[in-house]
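> got a structure for you, letters missing:
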C-alpha cells in the first residue's frame, strides 16, 4: 500500500511540474534577496524573466530587479553609461533564482561623454 501511495504521489508531482511553470517574482527590488516570492505562471507564459536595471554612478548608483512570468523572452542588454538594462530568461520552474547579468556603468563611455561635452563647450566659447 505504501508503495502504491508513493507511486501515485510521484506521478502527481511529475504531472503538475510538466504542465505548469513556477517562477520567482518581485517588482523593482533593490536586491536579489528580496526576490524569493514565487508565482505560478499562466498557460501562455513559458519563460521566467528577470530584468535588472541600474542608474547613476559611484555612491549615487541604484539598481532594481524585477522577476516574473512571461509569454516571450526579450533580449535586452543596453548600457548608455549612467544607466543600463539587461534581461535574462529561462524555461524551467524556479530557474530564475539568480539576477540577470548586472549592468555595469562603463567608465570608457562616461569618459568619452565628458570629453565630448567639454569639446562642445570649448568650441562654443571660442
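Received, thanks. This structure is a prediction, so every number in the text was calculated from the model and none was measured. Numbering: from 1, shown residues only.
> so where do the helices sit in this structure?
Secondary structure of the chain (DSSP state H): helices located at 2-19, 107-125.
> which of those comes out lowest on mean pLDDT?
The minimum mean pLDDT among the helices of the chain belongs to helix 2-19 (a mean of 45).
> which residues does residue 22 contact?
By Cβ atoms under 8 Å, 6 or more residues apart in numbering, the contact set of residue 22 is 38, 39, 40, 41, 93, 94. In short, each C-beta sits where N, CA and C put it, glycine included.
> and the fourth one, how many neighbours?
Going back to what we said before, that points to residue 41. Neighbour count for residue 41, taken as other Cβ atoms under 10 Å: 19.
> verify the stated contact: it with residue 25.
No. With contact defined as Cβ atoms under 8 Å, residue 41 does not count as touching residue 25 (9.4 Å).
> so what sits against both of those two?
By the contact definition Cβ under 8 Å, 6+ apart, residue 41 and residue 25 are jointly contacted by residue 69.
> let me see the contact set for the residue nearest to residue 56 when sequence neighbours are not counted.
Computed as Cβ to Cβ, 6 or more residues apart in numbering, the closest residue to residue 56 that is not its neighbour in sequence is residue 62, at 5.6 Å. The contact partners of residue 62, by Cβ under 8 Å, 6+ apart, come to 30, 54, 55, 56.
> against residue 37, how distant is residue 62?
Using Cβ to Cβ, to the nearest Å, residue 62 is found at 21 Å from residue 37.
> mean confidence score for stretch 73-85?
89.
> adjust the sequence numbering to begin at 31 for everything that follows.
Taking 31 as the first residue, the last one we looked at is stretch 103-115.
> ok so, going back, including neighbour count, distance to residue 107 and pLDDT, could the contacts of residue 92 go into JSON lines?
Shown next, in JSON lines, are the contacts of residue 92 (neighbours: other Cβ atoms under 10 Å; distance: Cβ to Cβ, whole Å; pLDDT from 0 to 100):
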{"residue": "60", "neighbour count": "12", "distance to residue 107": "21", "pLDDT": "92"}
{"residue": "84", "neighbour count": "20", "distance to residue 107": "12", "pLDDT": "91"}
{"residue": "85", "neighbour count": "16", "distance to residue 107": "16", "pLDDT": "90"}
{"residue": "86", "neighbour count": "12", "distance to residue 107": "19", "pLDDT": "84"}
